[in-house]
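Student: Take a look and give me a structure for this.
(chains A, B, C and D)
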There are 2 protein chains.
Amino acid sequence: MRIGELAKQTGASVRALRYYEEQGLLSAQRTSSAQRVYGADAVERVRLLRRLYTAGLNSATIASLLPCVDRPSEAVTLESLDVMQRERARLSDQIDELLTTRDQLTYLIETASAFHRDQLDTAHTAVPA
Amino acid sequence: MRIGELAKQTGASVRALRYYEEQGLLSAQRTSSAQRVYGADAVERVRLLRRLYTAGLNSATIASLLPCVDRPSEAVTLESLDVMQRERARLSDQIDELLTTRDQLTYLIETASAFHRDQLDTAHTAVPA
DNA sequence: CTAAAACCTGACGCTGACGTCAGAGGCAAG
DNA sequence: CTTGCCTCTGACGTCAGCGTCAGGTTTTAG
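Tutor: The predicted model follows:
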């Protein structure tokens, strides 16, 4: 599969895929004319990358973790374990904050829609009377 | 309270506070010499702003929600309700993704540290024998 | 009174994850 | 064989949320 197809299947842009390769996060075979060729597993890889990016990791951090993902048997150093645990803790904190924020939004929506209903009711009963 | 004190109490930088004001997210009284003066409630306001920022909202989106926060009685339009519900849905999706990512990280850490223990054990039992 | 610390308004700088354009080459269809 | 789409490698552009510096005023401590 070539880069356009991979882009379609993952939702990432072609530019983004090249960028991932540039950052050492995604590798590709090349044809004799230098076109990138990906295996089917690249789809999952890209989805993993996007998940990690949206989780707030940057390219360098992701790059430091990928060896553990790819070869958990060899590439596990104390440092990479440390990075993973740090990021996990950061993630947990972030999740807690997002949950709090969501609760606040929920509260906001409830009180706001209550007010809104009141306004509508008032308007509604005020007109026909 | 002046801007430096507010910065201390919230953890935001002075520059960030001025930026929030510039974006219409934070208002201040002014002294005759144009220095900003904040009430005690500004602390909570800034914390709310930072939570919303780290939840992935941008200045414009936050600005569109703040009227509902400040005056839920008047400023609630159908559009702002829509914005809030959209953002809440986005937040929920994001939380789900982060939970998934955290689970993957947890799994990674477990298998990796298991391998790492194996290596240590092997090295440890290989030397003294 | 004075020096340090805090504050003000511009305005340019930075960073990361891409977008976008230029200019050139590849590849399947008719 | 050529038309149209895909791909390639640079390389510059963008955008948001600030950082930072300049050049000047204000407040506070001694």
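Student: Give me the helix or strand of chain A that scores worst on average pLDDT.
Tutor: helix A:78-126 (a mean of 82; mean pLDDT, DSSP states H and E).
Student: Who are the packing partners of it?
Tutor: Based on contacts counted as 3 or more Cβ pairs under 8 Å, 6 or more residues apart in numbering or on different chains; DSSP states H and E, the elements that helix A:78-126 packs against are helix A:59-70, helix B:41-54, helix B:59-70, helix B:78-126. Where you see a C-beta, it was placed from the backbone N, CA and C, and this is true even at glycine.
Student: What's the mean pLDDT across stretch A:37-53?
Tutor: Averaged across stretch A:37-53, pLDDT comes to 94.
Student: and that stretch with DNA strand C, contact?
Tutor: Yes. Using Cβ under 7 Å from any atom of the strand, stretch A:37-53 reaches DNA strand C at A:Arg50, A:Tyr53.
Student: now stretch A:8-26
Tutor: Yes. Interface with DNA strand C: stretch A:8-26 contributes A:Ala12, A:Ser13, A:Arg15, A:Ala16, A:Tyr19, A:Gln23 (Cβ under 7 Å from any atom of the strand).
Student: Contacts only, for A:Ser113.
Tutor: By Cβ atoms under 8 Å, 6 or more residues apart in numbering or on different chains, the contact set of A:Ser113 is B:Val76, B:Leu81.
Student: hmm, who's touching stretch A:31-39?
Tutor: With Cβ under 8 Å, 6+ apart, stretch A:31-39 has contacts from A:Met1, A:Arg2, A:Ile3, A:Leu6, A:Leu17, A:Glu21, A:Ala28, A:Gln29, A:Arg30.
Student: Pretty sure the fifth one sits against A:Val46.
Tutor: Read it as A:Leu17. Yes. At 6.9 Å, A:Leu17 and A:Val46 qualify as touching, with contact defined as Cβ atoms under 8 Å.
Student: intersection of neighbour lists for these two?
Tutor: A:Leu6, A:Thr10, A:Leu26.
Student: Could you list the buried residues of stretch A:17-33?
Tutor: A:Leu17, A:Tyr20, A:Leu25, A:Leu26, A:Ala28 (16 or more other Cβ atoms under 10 Å in any protein chain shown).
Student: how close does the second one sit to A:Val14?
Tutor: Shown here: A:Tyr20 relative to A:Val14, a distance of 11 Å by Cβ to Cβ, to the nearest Å.
Student: Same question for A:Ser33.
Tutor: 17 Å.
Student: A:Asp103 now?
Tutor: Relative to A:Val14, and taking Cβ to Cβ, A:Asp103 is found at 39 Å.
Student: if you count what's nearby, which of those two comes out ahead?
Tutor: Legend: neighbour count by other Cβ atoms under 10 Å in any protein chain shown for A:Asp103 and A:Val14, higher for A:Val14 (14 against 11).
Student: Mind pulling the model confidence for that one?
Tutor: pLDDT, read off for A:Val14, is 96.
Student: what residues are up against it?
Tutor: Neighbours of A:Val14 in contact, by Cβ under 8 Å, 6+ apart: A:Ile3, A:Gly4, A:Ala7.
Student: Between those residues, which sits nearest DNA strand D?
Tutor: Among those, A:Gly4 lies closest to DNA strand D (Cβ to the nearest atom of the strand), at 2.4 Å.
Student: so who does the closest one touch?
Tutor: A:Gly4 touches A:Val14, counting by Cβ under 8 Å, 6+ apart.
Student: any idea how far it is from A:Val43?
Tutor: For A:Gly4 relative to A:Val43 (Cβ to Cβ), the value is 13 Å.
Student: Without its sequence neighbours, what residue ends up closest to A:Ser80?
Tutor: Distances taken as Cβ to Cβ, 6 or more residues apart in numbering or on different chains place A:Cys68 nearest to A:Ser80, at 5.3 Å, with adjacent residues excluded.
Student: Need the pLDDT of that neighbour.
Tutor: According to the prediction, A:Cys68 has pLDDT 81.
Student: hang on, it packs against B:Ala114?
Tutor: No. A:Cys68 is beyond contact range of B:Ala114, at 12.0 Å (criterion: Cβ under 8 Å).
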